[in-house]
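Visitor: Sequence and predicted model, in that order:
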Amino acid sequence: MKTGRCFEHPLRDALVVIVPVLGDNFSYLLVAGDRAAAVDPADAAPLLEQLDARGLKLEWILNTHHHFDHVAGNEELKARTGCRVAGPGCAHIPGLDQAVADGDRLSVGRQTIEVIGTPGHTRSHLCYYLPSGAALWTGDTLFTGGCGRLIEGGSATMWGSLHTLAMLPDETLVFCGHDYAEENLQFAALLQPDHPAIHQRLVRIQALIREGKATVPSTLAEEKATNPFLRADTPELMQRLGLAGKSAADVFAELRHRKDLFA
């Protein structure tokens, strides 16, 4: 369901409000009863509008990393709602109240969120996982059909983080930080032009875009089947890249290099 410029996606005993901002960013509200958490608020205004319209009490801001387009709304949201801010402790997060790291847990209403460390895009990048709803907020680590650039980490580090996420249940819903879906799947189709699942998924994404619908969430099952950055350890992709016998980290590095040149 679309609400203004937002979209709703129901979970078991919770709701995700998807808020497109800044052209290609996604911010989110995780709604649990009359309580909510905001994930990566790049702009406070549309989130405040949703909170007011729904009568929600904002308990937390959850930042995946410190980049401006993921934290710019922190201070206004905190000042207007009295919420607390959680995020990486070794990076500058505006208004940070509680530094969290891999293995920590937070509560929103009656929902428990688990923190997963995923360095690579930045050294201290985090993802947030809701086991009860099988939902995962991946920031700039894992995108629909792609992954984030290696700004502060190396290829082996990022591959390790992606491998960690891939170990979660296949039905896990992936709510990423940017809408790069079409571009990412065009790149995947260029890499493997004879891969039917990739082409079918690209067609579906393009249809969603034409219809004005959200391209998130995907599922981990979809990502593992069609996202080349989660398939760096597959023999078919290794052979396609001329890297048969190389390590998955080496294959991932080549994929990331080619994607950087692609766009």
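Guide: Okay, I see it. Numbers count the residues shown, from 1 in each chain.
Visitor: helices and strands around the helix or strand residue 207 falls within, which ones?
Guide: Here residue 207 is covered by helix 196-210, with elements defined by DSSP states H and E. Judged by 3 or more CB pairs under 8 Å, 6 or more residues apart in numbering; DSSP states H and E, the packing partners of helix 196-210 are helix 181-191, helix 220-226. Just so you know, the C-beta spots here come from the backbone N, C-alpha and C atoms, and that holds for glycine as well.
Visitor: can you give me the strands for the stretch 51-200 of the chain?
Guide: When secondary structure is read from DSSP state E, counting those that start in this stretch, the stretch 51-200 of the chain shows strands at 57-62, 84-88, 98-100, 105-108, 111-117, 126-130, 135-139, 142-143, 146-147, 173-176.
Visitor: centre of the chain versus the first one, how much separation?
Guide: What it means is strand 57-62. Chain-centre distance of strand 57-62: 18 Å, with CA atoms, centre = their mean, to the nearest Å.
Visitor: Now do that strand against strand 111-117, angle only.
Guide: Going by axes from the mean of the first three to the mean of the last three CA atoms, to 10 degrees, strand 57-62 is angled at 10 degrees with respect to strand 111-117.
Visitor: Tell me, how many residues neighbour the nearest residue in space to residue 260 that is not next to it in sequence?
Guide: Nearest residue to residue 260, sequence neighbours excluded (CB to CB, 6 or more residues apart in numbering): residue 149, at 6.9 Å. Applying the criterion other CB atoms under 10 Å, we find 14 residues in the vicinity of residue 149.
Visitor: Residue 149 is in contact with residue 263, isn't it?
Guide: No - using CB atoms under 8 Å, residue 149 is not in contact with residue 263, being 10.6 Å away.
Visitor: what sits against residue 73?
Guide: If you count contacts by CB atoms under 8 Å, 6 or more residues apart in numbering, residue 73 has them with 27, 38, 41-45, 47.
Visitor: How about residue 74?
Guide: Under the criterion of CB under 8 Å, 6+ apart, the contact list for residue 74 reads 41, 44, 61, 63, 85, 93-95.
Visitor: sorry, back to before: please tell me how far the residue nearest to residue 260 sits from residue 97.
Guide: Summarising the geometry, the distance separating residue 149 from residue 97, computed by CB to CB, to the nearest Å, is 29 Å.
Visitor: which residues does the residue nearest in space to the middle of the chain bridge with?
Guide: Centroid-nearest residue in the chain, with CA atoms, centre = their mean: residue 176, separated by 2.2 Å. Partner residues in beta bridges with residue 176, using DSSP bridges, are residue 139.
Visitor: That one: what's it in contact with?
Guide: Under the criterion of CB under 8 Å, 6+ apart, the neighbours of residue 176 are 26, 137-140, 142-144, 216, 218.
Visitor: cool, residue 81 as well?
Guide: By CB under 8 Å, 6+ apart, the residues touching residue 81 are 48, 51, 57-58.
Visitor: for this structure, what are the low-confidence residue spans?
Guide: Of all residues in the chain, those with pLDDT under 70 make up the ranges 1-4.
Visitor: One more pass at 80, please.
Guide: Low-confidence segments of the chain, defined by pLDDT under 80, are located at 1-4, 90-91, 263.
Visitor: quick one on the thing from earlier: between the helices and strands packed on helix 196-210, which gets nearest to residue 164?
Guide: Smallest distance to residue 164 across these (CB to CB): 11.6 Å, for helix 220-226.
Visitor: Quick one: list the elements packing against that closest one.
Guide: helix 155-166, helix 196-210.
Visitor: Minimum distance to residue 251: which of those helices has it?
Guide: Proximity of these to residue 251 was assessed by CB to CB; the nearest stretch is helix 155-166, lying at 8.6 Å.
Visitor: Distance from the chain centre to the closest one, please.
Guide: Computed by CA atoms, centre = their mean, the chain-centroid distance of helix 155-166 equals 14 Å.
Visitor: do stretch 129-146 as well
Guide: Mean C-alpha position of stretch 129-146 versus that of the full chain (CA atoms, centre = their mean) differs by 5 Å.
Visitor: For that stretch, buried residues please.
Guide: Under the neighbour-count criterion of 16 or more other CB atoms under 10 Å, stretch 129-146 has 129-130, 133-146 buried.
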